[in-house]
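Q: sequence? don't have it. structure:
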């Protein structure tokens, strides 16, 4: 099976949308952006053994390669529209491709994303996805909008994916629930759209809370204080990691959560709770923005310590 | 040097444009598409040892990774605007990156393309670029517009890159001129823009004339006859490959030319010649479109034979 057959296989399964004037099969795709909307573009690469365990199922890899990109659109409060897929495979394996597309297209369909093009080539397994979406330019959530006194929120719960990765590395029994959170992250699109006009800054948590919140603080020229006792924690994570300090570490530095972290004035807290309830996404205030630079972490016992930015670095040694 | 430093290094050198509302450094780029224009998107991956010789200079790899993508925009008659760069490197080598950016940004600047985002990660050397541009939807050059009786044109000359690749594989003396054409292909943007309203179908020659013209013929539901004696041939190629049959083979199946192949009614031949002269690009009629399917090749002696589609397949064994 050669390159053209792989592309044909992808084309046969790719859904389309009214704004796709020309999809897979020409030299480039031809698309219509709605008037009055800014175009939002993000690209992420996933490498086997670094961004997912090598033995991950093709369907999980397909899901995750789109999910981490949609998560970036969510962080801008953009409505997803289109995706391009650059797929590098060790061999042109049609069964693997079909399974990969099962996961990729399941998530694409859930968000009405059309696969509009890409490239297939031979090499070490690697997936680069480029996603595009729309947002009115003045409603985009940038990293630079956080102001002193605002609340810091996160959606969902933190640390599950890192907990799964740690179990997998240690080679012992693994929790299926934690592993699902590592393999099938949920891009928080609905929550992000509901936060337009409410949140002042946002980022998605890919590299870990401390590192990613650090980007927001740096871009906004502020600092923050976090209450460790408030970090949203799944029952499964608490069951598997009873030690509080170990758990905090997973939640602060683990990465791969793909939850949204955002800021908003305390006066909007009720409106945010209602907006999150309307899209069935939990959200929790975990601290507040301070004028003083740096990140202060406070334990439930009131002990405070300053942390240095650290998280999942795709060039570091911590890859999956 | 970690991922964030590499991104910082890229950001520091990336030029911007007025339609980039937010470039490198947030979760996604925020862009403005001009009203009345369709968005044109293309993605191509380059793998070391497959799309370029492993010992290629970083600057040449940078140039080529953008050039092959701009060539896809040219094939749609789109004006280039933005590029995203997903770069996978064996190690975070700042010197290599700087040199890569020298080549990439030299070509980007020549076409006023802004680098708006991307990703850096560790792995086998691989570059995926996504480019975006604009074209009024009704002026886009599709593969499906060729009609029986039309002329088939190509820009520039054919076979130089394939000639260079063959010399390189054989390990003997190499022509610097041919090698330059392999390492630094010229995307035919100016020619493509001049062909709006004149050409009826177009494709860029990446996989070889027979294979790529084959895509146009298939999409248009037609066949073609080519005069081998008319294939535009550089003096250097003729010097290095005196044997006519060998040279035709390079020109028909070699790939990596990144010239445009397009169709147009004979009544527009003069207008096309004038348009090409105005942008200092040579263009040659090499045959014509026929109602009968299939591709007929005619030698200067009048001998005719039918060819099967064959060209550079990125999943085949013919990689660089």
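A: Everything's here; your move. Fair warning: this is a prediction, and the values are worked out from it, not measured in the lab.
Q: flag every buried residue along stretch A:144-164.
A: Buried residues in stretch A:144-164, defined by neighbour count with 16 or more other Cβ atoms under 10 Å in any protein chain shown: A:144-146, A:150-164. Using the backbone N, CA and C atoms, a C-beta is placed for each residue, glycine as well.
Q: now, these that are in helices?
A: Among the buried residues of stretch A:144-164, the ones falling in helices (DSSP state H) are A:160-164.
Q: can you tell me what sits against the helix or strand hosting residue A:168?
A: Per DSSP states H and E: residue A:168 is located in helix A:160-170. For helix A:160-170, the surrounding residues in contact (Cβ atoms under 8 Å, 6 or more residues apart in numbering or on different chains) are A:53, A:173-175, A:177-179, A:181-182, A:185, A:208, A:234, A:236-237, A:240-241, A:247, A:250-251, A:253-258, A:320.
Q: can you check stretch A:234-247 too?
A: Taking Cβ under 8 Å, 6+ apart as the rule, stretch A:234-247 contacts A:157, A:159-160, A:163, A:167, A:175, A:177-178, A:181, A:233, A:250.
Q: go again using 7 Å as the cut-off
A: A:157, A:159-160, A:163, A:175, A:177-178, A:233, A:250 (Cβ atoms under 7 Å, 6 or more residues apart in numbering or on different chains).
Q: apart from its chain neighbours, what residue comes closest to residue A:35?
A: Nearest residue to residue A:35, sequence neighbours excluded (Cβ to Cβ, 6 or more residues apart in numbering or on different chains): residue B:35, at 6.4 Å.
Q: and the one you found, how many neighbours?
A: 8 (other Cβ atoms under 10 Å in any protein chain shown).
Q: low-confidence regions, the stretch 201-320 of chain A specifically.
A: A:308-320 (pLDDT under 70).
Q: can you give me the strands for it?
A: Along the stretch 201-320 of chain A, the stretches classed as strands by DSSP state E, counting those that start in this stretch are A:201-204, A:223-227, A:260-264, A:283-290, A:295-298, A:304-307.
Q: now tell me what touches the longest one from outside.
A: When contacts are defined by Cβ under 7 Å, 6+ apart, strand A:283-290 is touched by residues A:146-155, A:222-227, A:230-232, A:263, A:269, A:272, A:276.
Q: equivalent analysis for the fifth one, please.
A: By Cβ under 7 Å, 6+ apart, the list of residues contacting strand A:295-298 from outside reads A:210, A:213-214, A:217, A:223-228, A:304-307.
Q: and that strand, what's buried?
A: Neighbour-count burial for strand A:295-298 flags A:295, A:297-298 (criterion: 16+ other Cβ under 10 Å).
Q: what's the answer for the second one, then?
A: Under the neighbour-count criterion of 16+ other Cβ under 10 Å, strand A:223-227 has A:223-226 buried.
Q: is it possible to get a markdown table of the residues you listed that adds distance to chain B?
A: Converted to a markdown table, the buried residues of strand A:223-227 look like this (distance: Cβ to the nearest Cβ, whole Å):
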| residue | distance to chain B |
| --- | --- |
| A:223 | 19 |
| A:224 | 18 |
| A:225 | 24 |
| A:226 | 20 |
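Q: residue A:30 pairs with what?
A: Counting by DSSP bridges, residue A:30 forms beta bridges with residue A:22, residue B:40.
Q: surely it and residue B:141 touch.
A: No. Under the criterion of Cβ atoms under 7 Å, residue A:30 makes no contact with residue B:141, lying 10.4 Å away.
Q: please identify which of the two sits among more neighbours.
A: Taking neighbours as other Cβ under 10 Å, residue A:30 and residue B:141 compare with residue B:141 leading, 26 against 22.
Q: up against chain B, what does the stretch 101-250 of chain A have?
A: Proximity of the stretch 101-250 of chain A to chain B (Cβ under 7 Å from any Cβ of the partner chain) is limited to residues A:116-119, A:121-124, A:126, A:128, A:130, A:137, A:140, A:142-143, A:203-204.
Q: give me the subset of those residues that lies in strands.
A: A:116-119, A:121-122, A:126, A:128, A:130, A:203-204 (DSSP state E).
Q: so where do the helices sit in chain A?
A: Per DSSP H, chain A carries helices over the ranges A:3-13, A:58-75, A:94-110, A:160-170, A:176-183, A:189-194, A:209-220, A:235-240, A:244-253, A:269-278.
Q: deepest-packed of the ones you listed, please.
A: The highest mean neighbour count among these, using mean count of other Cβ atoms under 10 Å in any protein chain shown, belongs to helix A:58-75: a mean of 26.
Q: near chain B at all, that one?
A: Yes. Using Cβ under 7 Å from any Cβ, helix A:58-75 reaches chain B at A:72-73, A:75.
Q: average pLDDT across that helix?
A: Rounded to a whole number, the mean pLDDT of helix A:58-75 is 98.
Q: what helices or strands is it leaning on?
A: strand A:38-47, strand A:79-89, helix A:94-110, strand A:126-135, helix A:189-194, strand A:201-204 (3 or more Cβ pairs under 7 Å, 6 or more residues apart in numbering or on different chains; DSSP states H and E).
Q: from residue B:300, how far out is residue A:286?
A: From residue A:286 across to residue B:300, the span is 77 Å (Cβ to Cβ, to the nearest Å).
Q: between these two, who's got more neighbours?
A: residue A:286 (23 against 10).
Q: how much space between that one and residue A:297?
A: Residue A:286 sits 10 Å away from residue A:297, going by Cβ to Cβ.
Q: save the contacts of strand A:295-298 as CSV, and put in distance to residue B:17 too.
A: Conversion of the contacts of strand A:295-298 to CSV gives the following (distance: Cβ to Cβ, whole Å):
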residue, distance to residue B:17
A:210, 34
A:213, 31
A:214, 29
A:217, 29
A:223, 34
A:224, 34
A:225, 39
A:226, 38
A:227, 43
A:228, 44
A:304, 45
A:305, 44
A:306, 40
A:307, 38
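Q: how many neighbours does residue A:174 have?
A: Neighbours of residue A:174 (other Cβ under 10 Å): 17.
Q: now it: closest residue in space, sequence neighbours ignored.
A: Nearest non-adjacent residue to residue A:174 (Cβ to Cβ, 6+ apart): residue A:167, at 4.6 Å.
Q: look up how far residue A:161 lies from the one you found.
A: From residue A:167 across to residue A:161, the span is 11 Å (Cβ to Cβ).
Q: how about residue A:294?
A: When residue A:294 is compared with residue A:161 (using Cβ to Cβ), they lie 26 Å apart.
Q: what's near enough to touch residue A:251?
A: By Cβ under 7 Å, 6+ apart, residue A:251 lies in contact with A:158-159, A:209, A:231.
Q: swap in 6 Å and give it another go.
A: Shown in contact with residue A:251 (Cβ atoms under 6 Å, 6 or more residues apart in numbering or on different chains): A:158-159, A:231.
Q: before we move on, what about residue A:256?
A: Per Cβ under 6 Å, 6+ apart, neighbours of residue A:256: residue A:161.
Q: and the one 4 residues further on, by the same measure?
A: Residue A:260 is in contact with A:155, A:188, A:202, A:204, counting by Cβ under 6 Å, 6+ apart.
Q: what number of residues lie near the closest residue to residue A:48 other than its chain neighbours?
A: Nearest residue to residue A:48 in three dimensions, chain neighbours excluded: residue A:125, at 4.1 Å (Cβ to Cβ, 6+ apart). For residue A:125, the neighbour count with other Cβ under 10 Å is 20.
Q: for residue A:125, phi and psi?
A: phi -50, psi 120 (degrees, to the nearest 10).
Q: so it makes contact with residue A:47?
A: No. The pair residue A:125 / residue A:47 is not scored as a contact, 7.5 Å apart, by Cβ atoms under 6 Å.
Q: quick one on the thing from earlier: between the contacts of residue A:251, which sits nearest chain B?
A: Nearest to chain B out of the contacts of residue A:251 is residue A:158 (Cβ to the nearest Cβ; 18.0 Å).
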